[in-house]
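Student: fold the stuff below for me.
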Amino acid sequence: MPKLTTSAPVLLVRDVKASADYFRDCCGFKYDKLWGDPPGFCMVWRDNLCIMLSQTDEPDRIVPNWKIVHHMWNAYFWVDDAKALYDEFSAAGAKIDYELHEKDYGCLEFGIQDLDGHDIAFGQDLDQFPLKA
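Tutor: Numbering: from 1, shown residues only. Have a look, this model is predicted:
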């Protein structure tokens with residue numbers, strides 16, 4: 001059976017270069033290319049995970065998920081050490097949306113916001129989800 005290898009949430013952003021730099025400088029992601037002239041798209045990577053950033057010509061239409069569904073993220077990443085990642089992001093100046101804490105669904109978790117208000121959560125699985133590959 002074919003295996004899925006990674007995924008990439010797509011975030012609409014006002015300024016793709018500023019957004020890519022935020023993820024690089026505050027969250028440890030890397031990028032090596034901006035697409036378009038002027039730039040309108042970028043993929044930022046950390047470990048084997050990607051976030052695609054697409055600049056919109058209609059920034060007023062950007063609506064982070066939490067504005068539609070209370071406490072809902074635009075992206076969620078499972079990590080092996082949430083505390084260490086939280087400490088790294090905090091020290092680098094990432095905008096912490098909610099502090100590191102244990103959730104009732106078995107994750108040690110925290111969230112950040114990007115420059116456009118998208119919530120991105122990082123959680124360490126404490127209970128081992130049964131469907132995990």
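Student: beta-bridge partners for the most centrally placed residue in the chain, please?
Tutor: By CA atoms, centre = their mean, the chain has its centre lying nearest to Ile120, at 4.1 Å. According to DSSP bridges, the residues that bridge with Ile120 are Ala75, Ile112.
Student: pLDDT wise, what is it at?
Tutor: pLDDT recorded at Ile120 is 97.
Student: right, and it touches Asn74 too?
Tutor: Yes: using CB atoms under 8 Å, Ile120 is in contact with Asn74, at 6.3 Å. The way it works is simple: take the backbone N, C-alpha and C, and place the C-beta from them, glycine included.
Student: and the helices in this structure?
Tutor: Along the chain, counting by DSSP state H, helices occupy 16-27, 82-92.
Student: out of the ones you listed, which is the most enclosed?
Tutor: Of the helices of the chain, the one with the most neighbours on average (mean count of other CB atoms under 10 Å) is helix 16-27, at a mean of 19.
Student: just the mean pLDDT for that helix, thanks.
Tutor: The model assigns helix 16-27 a mean pLDDT of 98.
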